[in-house]
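Participant: Got a predicted structure plus its sequence, pasted below:
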Amino acid sequence: MAMPTVTLTRKDFASDQTVRWCPGCGDYAILATVQKTFARFGWPREKFVIISGIGCSSRFPYYMNVYGFHTIHGRAPTVATGVKLANPDLSVWVVTGDGDGLSIGGNHLLHAARRNIDINVLLFNNAIYGLTKGQLSPTSPEGMRTKSSPYGSVEPPVNPIALMLASGATFVARTVDVFQSHIGDTLYQAGMHKGFAFIEILQNCVIFNHGMWFPYTERERRHDHIVYLEAGKPMLFGKNHERGLVFRDGHFYPVVLGEEYTEADVAVHDPSSLTQAFALAQLRDPLPVGVFYQVRHPAYEEAMYHQIEEVKKQKGGPGHLSDLFHSGDTWVVA
Amino acid sequence: MAMPTVTLTRKDFASDQTVRWCPGCGDYAILATVQKTFARFGWPREKFVIISGIGCSSRFPYYMNVYGFHTIHGRAPTVATGVKLANPDLSVWVVTGDGDGLSIGGNHLLHAARRNIDINVLLFNNAIYGLTKGQLSPTSPEGMRTKSSPYGSVEPPVNPIALMLASGATFVARTVDVFQSHIGDTLYQAGMHKGFAFIEILQNCVIFNHGMWFPYTERERRHDHIVYLEAGKPMLFGKNHERGLVFRDGHFYPVVLGEEYTEADVAVHDPSSLTQAFALAQLRDPLPVGVFYQVRHPAYEEAMYHQIEEVKKQKGGPGHLSDLFHSGDTWVVA
Amino acid sequence: MAKSPEIQEVHRVVIRFAGDSGDGMQLTGSQFSLASVVARKDISTLPEFPAEIRAPAGTLGGVSAFQIQVADQDILTPGDQPDVLVAMNPASLKVSLPELPRGALIIVNTDAFTTANLKKAGYERNPLEDDSLKDYQVIPVPITRLNRDAVKDVEGLDSKFVDRTKNFFALGLVYWLFDLPLEPTVEWIEKKFGRRNPAVAEANRRALQAGYHFGETAELFQRRYRIRKAHFPPGTYRRITGNEAVAMGLVAAARKAGKTLFYGAYPITPASDILHHLAPLRHFDVVTFQAEDEIAAMGAAVGAAFAGALAAVGTSGPGMLLKAEALNLAVMAELPVVVIDVQRAGPSTGMPTKVEQGDLLMAFYGRNGESPLIIVAPATPAECFDMAIEAVRLAFRAMAPVIYLSDGFLANSSEPWRIPDPEDLPSLTVDHPTGPQNGRFLPFLRDPETLARPWALPGTPGLEHRIGGLEKEPETGNVSYDPQHHWRMVQERAEKIARLAEVIPEVDVYGPEEGDLLLVGWGSTYGAIREAVRQAQDEGKSVAHVHLRYLNPFPRNLEEVLRRYRGILVPELNMGQLAQLLRARFLVEAQSLPKVQGRPFKVQEIKAAIDDWFRQRA
Amino acid sequence: MAKSPEIQEVHRVVIRFAGDSGDGMQLTGSQFSLASVVARKDISTLPEFPAEIRAPAGTLGGVSAFQIQVADQDILTPGDQPDVLVAMNPASLKVSLPELPRGALIIVNTDAFTTANLKKAGYERNPLEDDSLKDYQVIPVPITRLNRDAVKDVEGLDSKFVDRTKNFFALGLVYWLFDLPLEPTVEWIEKKFGRRNPAVAEANRRALQAGYHFGETAELFQRRYRIRKAHFPPGTYRRITGNEAVAMGLVAAARKAGKTLFYGAYPITPASDILHHLAPLRHFDVVTFQAEDEIAAMGAAVGAAFAGALAAVGTSGPGMLLKAEALNLAVMAELPVVVIDVQRAGPSTGMPTKVEQGDLLMAFYGRNGESPLIIVAPATPAECFDMAIEAVRLAFRAMAPVIYLSDGFLANSSEPWRIPDPEDLPSLTVDHPTGPQNGRFLPFLRDPETLARPWALPGTPGLEHRIGGLEKEPETGNVSYDPQHHWRMVQERAEKIARLAEVIPEVDVYGPEEGDLLLVGWGSTYGAIREAVRQAQDEGKSVAHVHLRYLNPFPRNLEEVLRRYRGILVPELNMGQLAQLLRARFLVEAQSLPKVQGRPFKVQEIKAAIDDWFRQRA
Ligand SMILES: Cc1ncc(C[n+]2csc(CCOP(=O)(O)OP(=O)(O)O)c2C)c(N)n1
Ligand SMILES: Cc1ncc(C[n+]2csc(CCOP(=O)(O)OP(=O)(O)O)c2C)c(N)n1
Ligand code: SF4
Ligand code: SF4
Ligand SMILES: [Mg+2]
Ligand SMILES: [Mg+2]
């Protein structure tokens, strides 16, 4: 994509619509960052398309001054696939929720990831159905009481990162609504990645699942409960980097550095290793954020248009209708 | 499930319908083994229910003299979920194809696995759409030419084992249509497993994708290209077990035993390790068959019926309609 | 203490509580309903929510309202126009004003008419200060301030709760105005907060009483009103919404059938509450399954029906589309499943919180091939209970799925419900075959009377059989592509539904048995149509009303009834779907009265159409 | 050499090739069609496949057949009853016999009538040896043996190919019988095998010639036949099936619009071939997307339309249900997408390889809410080309989706197609807006004439806008729940479809402009209806035929035409769906002639209904 570049600011990406999320909703922070990040790419506004499904999060396109499509529940990846296949020059973004993307829409995410179509999927994970007022979502933890599980959920949650890794996504990351610069950097990397990019964004729903992620994300807890993944860097955490992750038998274990373990024992993050990324995805405490996995494979639309060009070459140029009509056995009536 | 036991033979499980697969289709061998294995459980015929979707493979229930339901494309796991929730005493089996189960039905498989509902899913993987006469399937390899990909597929295939592991299945295995005793043992283990069991069965479609798996499964190639997974045993392969898998940095590598590596270096299969199972799932040559992963978690219907009992206890017994009707504020008109 | 103004007895009054979504208007309306019914009035209610979970405070989009009609006789709608509006902020005044008749009483919380709030509501000037409200009786009350005074001394009350009690102040004031008792609400407060949070309980109680006393002392009102007692048949009553009633109907049916209730659902407005009502009922052997999507919910219900449960699902328009394929499987496999469609405004996502009857033809024809099934539609919230039981009865009888057409209005509005004795409910037990006959079992051998196939349950020895979505040989059910088998099965599947006409009630005519104009309706428009017809009848017009609860099959006397009138008018919240069915089926000139605005009919709209009809024929 | 029997000239003949699915009957039929058209006969063909990929050899379920009518004038159906049957084995004889009229000629391969094959076909005795075939002219030929002799000397021929050529022996024999040229088939053999496999080519050629010569020498036939040449308008012709024609029509439309063709599909019988025809056309800028399911195919098409492609999808009944929700989004977002439904027998999975017209009402009403869209239906295989272009034209004009109702019969049968000059096809270019007007862009500002909204393409500077499935404010397209906005948008979405009636052709009446009986049909029943009407007209009856290619909106003169006849009869491969629409819309007593057997109408069935009608009125 040889994008023209322009200089724009966050404001250029804000639409004229009143934002209608609940006061305090985590979605506000994400919106602000996306607007900032879009300006950072330096691409003109008309090149961006945002496709969403249905949910609180999915109202996102209305607030962005780019091309937008608020589609139907769970199907945003399919619509985005059509947009990208019809016009590969566009920068296509999907905004979805944990219900939209992982419950009703799980299969589309899986297949979009597998095909490696060049779209960027932002999954706002608040572990609840916001728009429909508080039912279980596939990321709600076991035992959680909601309107639809008054005695506690009996369903183990899905692991979105692990699922996307297994599906073949070539860029898989996690970030958090309130981690301002982290979220911006992660989105920027996703946007620059050619191929399917998936970013789970932990998001707080103040109304129906307030505090879901606070055990990790509250300022005073972050140090000990979040580990920032950085390619080629040892996976250290703790206020003074006094903790780290060691890798043994295919699993990551948190340790305190000191006598038994030193920094040399701490594993170095290798985002090109699928199996290590999968092992990291299993980790709950500390919770890894950042890019779990990134590799480069031809994107689906690249391969498709490449095939179109190849076939044209083979056939000596674009097809002629007349040849097409006359293919097969013909006869002439004079 | 306290099943009564009876003595039956393979024949008792064959229905009176003519089997209508193409001569030489791999499905025949699987049918025979399933009939044999059902007899081996020693449970009465009426306790079995087989649910299928649509596809060549999905005609399976017609040939089994048990309760059967040939449903619609991709939805067999949902129907099976309903059957099991309505009557947890039944032994519920799903037969699906690579298109039925992984393309249109991928999401249901994912969520059935996640919930750990106690059903056994047999996925006949012939890497092609058989019934619709030869289009690409999600397990068809890149570059494969089919009716719908005349210039070669541009889609990377899905990895069914990896996907099921990421989805939370508690029993994940692979076997092959022509590995008679292996397939029988694997099915038996699946049937005895409480919780969601997934078995990928590599199957030959003689008409539209003949020989897809022959590089692994032909008699003279098996030794070097198949590794049999057995819990607690070193992962050796080759005619005289002169090869093995070593585990390094989270990846399995095939090696030849001798100077550099000895049997002691060969990894021992641990089916309780999710991350190792995932690493094994990445391996293409040799191809692992057997049980990749097995753990015990409460099954969905167990948890649901447990909750029903608990609530009854809490409420001092089964509910009365009259109490239900009178809940909320009432008033009397005399 | 000033002398309380005179109390005037009235037949009916329509009150609307409106405020910001944070103002607790739904609770206020609900308490007002409670107080009214406990005082033996009849009610009909209509809650209106903003589309957003928490729309920005103070905006027009954030207005939450609750309208209720209270009357001394069988009333059927929440009223066309509020006689009294309680407006807690400028936005709620602005949104409600177009609905008010001249002369209506408006109680406003003047404290909320700040510059900021006026701006959010898009008011350029304060409407309380210009003469834009001169056609109404405006009663300005500084509710926030008065209420703060009332609760300020409550010990241990978190300051952020202070203003949250102001709706109880307003409620108390309205109780005084309509001479309603405080006790039901006081009791409710005690039950709800008494133990958990005594300070909040006390504050609410004080707010309520302060409002009441304010009415008594402030001399702002020239008159008080009292609605006479309604005549209810003796019994125990409660209020019930349509969604609650469906849920209870299903539980009752399951009990009466001796079956587990399997309810599959994927959340969707306005159907989600059915799931919320059922999920806590595990002790009634209720298995609720929140599926990954509507397809899965429907598939699981088909499986549960196959395995012998009472299987039901609930959804709204978009979800119905996703269920269609598995529903068609139930048609083909001949399994009983109750499919509840709580209709909302479409097409596509449409307006999820708004009412419409746009799915009728979809219920009939929204599946590939010839796919007849049973269709029923309750007319009122309480009737949702009876029709759920009816749906199950018919589904079991014909071994066929039912589409149950509720809508967003029925779902959320409430009315008094006379609680039935469970013993009086019909038995719904099914004769499942217990073993082969003459050594074999024919899963598609039809009952000669009902044409239903036997419902043999997995787990029963000797009845092992296979079913599916392919066409079948009659009786054996073996897969068959024989032209004559298909022809016969297509007709039998249609005929078994048609035969249900023999076991459903004939339509009742309200009004003259023959005459000028017949209004035909279905579903939630019942109240508005009946009321309009009643008014026209009072004017001496020859008008009757027939309301269809059974849409497929139609009641057996319908055609004959239709032919007894010179004209047929069909008010519907769609572009004329029932009208189209009647025209096609009976070749009668049924004329459509469509309304597609996301709102229920007003009585006056229907009345005006009746008047028009007579004018044109005059 | 024996003297060849006399050649008798005939107008038409119906031939059916039937054998085991391994016997190459489809190829045989296809070659016969080719030879016929090259010799300037008109043809109409009907292939019949077994439901299974490879049903067990020799069984009834494994029979594969190809029926073709060859004639010297415009013919419209593959014929009710074969005059000549070629039966390659007992099963194919048994399956075909019920279709044959007395006196039909049956050529049987006696070598295949082994005990084993007879048993598989369920024959207790050899029908060639009892008198069960006495009403037919049976020509027993030991085809297998004769053919082995013919090809035995071909050098390098793998022995397993020997018997695979026996269909060419049979074909040669039939060519002789009908005095058809061998050359087209000889050429085809050369093209197909000549280079790759000369031995197979040689064997096939020899088999063909041996069959021909066998006819000449064996004196088994008393007569040969020659069908006179048909009168075709001058031009270049080819055979075309409906699925091929749709594919080509879409490609042609894309070219004429200057757009990429995006075709989304999930394989399903009988629609898959459209995908198979399009996938190789990458050099025509055709992007085919085999989606994970029909939902994804439809969603992607909606996305592709949003981004500016010519977007189309193809499926059959069950897939239509899955597409409904995203299709409704296209209705609401007002985007042009062509949705091809190749109808098959339902409900549910039904009979996938069998024809039906069961989805008409689903096309109209199978979506939640009021969701009008365009509906068209081609009448013949070749017309599938033109109607594809029409579908695109209308979709672009109204900015609305189209449902294109093909069926399993049109999809697979073929007829001669006069190849058009691409230059003569209508231009379909769209005026996409290029920038804001007066500084702003209103995505739902309608064209005053067509009521279409502008199609602004992502990537265009200054037109950034948002669309979606929620209801909208007119012009701006901003989300709105305003009752009047909904009311207006619902009506405008309906009106823009209704206005297309101004730009579609009026219906043509075949027959008297007014009179006794009018037959109204749509879709693939065209040929059978037209033929039956022609026969009735020949008998002097006052009967006319109107065939609808445009179903929504209806052609503007339809009502007026309907009112000109005393009776209306509507033959349909369903239980009366078009009849119902006509009755509801026009209150005319349209009478349904239903057939739901997975098979096309026979001319005689319709003719009999016409006769009945006159008898009852007499
Ligand atoms: C087909 C369909 N089914 C159900 C719904 C109702 N629905 C709207 S949003 C939603 C889930 C929202 O949850 P999530 O995706 O987590 O988004 P959030 O609101 O939490 O941001 C549901 C079930 C719908 N709109 N369409
Ligand atoms: C909704 C729907 N879409 C499409 C089809 C057509 N269809 C039937 S089977 C099948 C795929 C078969 O492939 P697979 O699941 O791999 O089974 P196999 O035939 O290879 O055993 C498809 C696309 C259908 N029956 N229903
Ligand atoms: S309900 Fe939750 S997710 Fe939705 S807008 Fe409100 S806070 Fe945000
Ligand atoms: S098409 Fe393939 S999978 Fe299907 S029955 Fe034939 S061989 Fe088996
Ligand atoms: Mg959520
Ligand atoms: Mg397959």
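Facilitator: Cool, the structure landed. Ligands and ions are numbered 1, 2, ... in the order given.
Participant: Which residue, neighbours along the chain excluded, lies closest to whichever residue of the stretch 351-500 of chain C sits closest to chain D?
Facilitator: In the stretch 351-500 of chain C, the residue that lies nearest chain D is residue C:369 (1.8 Å; Cβ to the nearest Cβ). Yep, even glycine has a C-beta here, placed from its N, CA and C like the rest. Nearest residue to residue C:369 in three dimensions, chain neighbours excluded: residue D:346, at 1.8 Å (Cβ to Cβ, 6 or more residues apart in numbering or on different chains).
Participant: tell me the contacts of that neighbour?
Facilitator: Applying Cβ atoms under 8 Å, 6 or more residues apart in numbering or on different chains, we find residue D:346 in contact with C:328, C:367, C:368, C:369, C:370, C:371, D:317, D:318, D:356, D:358, D:359.
Participant: ditto for residue C:127
Facilitator: The contact partners of residue C:127, by Cβ under 8 Å, 6+ apart, come to C:90, C:93, C:94, C:133.
Participant: hang on, the earlier thing: and the gap between the residue nearest to residue C:369 and ligand 6?
Facilitator: Residue D:346 is 24 Å from ligand 6, where distance means Cβ to the ion, to the nearest Å.
Participant: So that residue versus ligand 4, what's the distance?
Facilitator: Distance, residue D:346 to ligand 4, by Cβ to the nearest ligand atom, to the nearest Å: 23 Å.
Participant: Neighbours of residue 291, how many?
Facilitator: Assuming you mean chain A. The tally of other residues near residue A:291 (other Cβ atoms under 10 Å in any protein chain shown) stands at 24.
Participant: My question was about chain C, not that one.
Facilitator: With neighbours defined by other Cβ under 10 Å, the count for residue C:291 comes to 25.
Participant: Correct me if wrong: it contacts residue C:265.
Facilitator: Yes. Here residue C:291 lies in contact with residue C:265, judged by Cβ atoms under 8 Å, at a distance of 7.0 Å.
Participant: Confirm that the residue of the stretch 351-500 of chain C closest to chain D lies within a strand, as I assumed.
Facilitator: No. Using DSSP: H, G, I helix; E, B strand; the rest coil, the secondary structure at residue C:369 is coil, not a strand.
Participant: residues in contact with it?
Facilitator: By Cβ under 8 Å, 6+ apart, the contact set of residue C:369 is C:328, D:317, D:345, D:346, D:347, D:348, D:350, D:356, D:358, D:359.
Participant: Produce a PyMOL select command limited to the buried residues of those residues.
Facilitator: Those of the contacts of residue C:369 that count as buried under 16 or more other Cβ atoms under 10 Å in any protein chain shown are selected in PyMOL with:
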select buried, (chain C and resi 328) or (chain D and resi 317+345+346+347+348+350+356+358+359)
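Participant: list the buried ones in stretch A:18-34?
Facilitator: Neighbour-count burial for stretch A:18-34 flags A:20, A:21, A:22, A:25, A:26, A:27, A:29, A:30, A:31, A:32, A:33, A:34 (criterion: 16+ other Cβ under 10 Å).
Participant: Kindly export that stretch (C-alpha atoms) in PDB.
Facilitator: Below are the C-alpha coordinates for stretch A:18-34, written out as PDB (Å, rounded to 0.1, in the frame of the first residue of the first chain):
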ATOM      1  CA  THR A  18     -22.100  13.200  20.400                       C
ATOM      2  CA  VAL A  19     -20.400  10.300  22.000                       C
ATOM      3  CA  ARG A  20     -23.000   8.200  23.800                       C
ATOM      4  CA  TRP A  21     -21.200   5.800  26.100                       C
ATOM      5  CA  CYS A  22     -21.800   5.800  29.800                       C
ATOM      6  CA  PRO A  23     -19.800   8.400  31.700                       C
ATOM      7  CA  GLY A  24     -16.600   6.700  32.800                       C
ATOM      8  CA  CYS A  25     -16.700   3.900  30.200                       C
ATOM      9  CA  GLY A  26     -13.300   2.600  29.100                       C
ATOM     10  CA  ASP A  27     -14.300   3.100  25.500                       C
ATOM     11  CA  TYR A  28     -13.600   6.900  25.700                       C
ATOM     12  CA  ALA A  29      -9.900   6.400  26.300                       C
ATOM     13  CA  ILE A  30      -9.700   4.000  23.400                       C
ATOM     14  CA  LEU A  31     -11.500   6.300  21.100                       C
ATOM     15  CA  ALA A  32      -9.100   9.100  22.000                       C
ATOM     16  CA  THR A  33      -6.100   6.900  21.300                       C
ATOM     17  CA  VAL A  34      -7.400   5.600  18.100                       C
END
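Participant: wait, does that stretch contact chain D?
Facilitator: No. For stretch A:18-34, no contact with chain D is found by Cβ under 8 Å from any Cβ of the partner chain; the gap never falls below 9.2 Å.
Participant: and that stretch, is it in reach of ligand 3?
Facilitator: Yes. Interface with ligand 3: stretch A:18-34 contributes A:21, A:22, A:25, A:27 (Cβ under 6 Å from any ligand atom).
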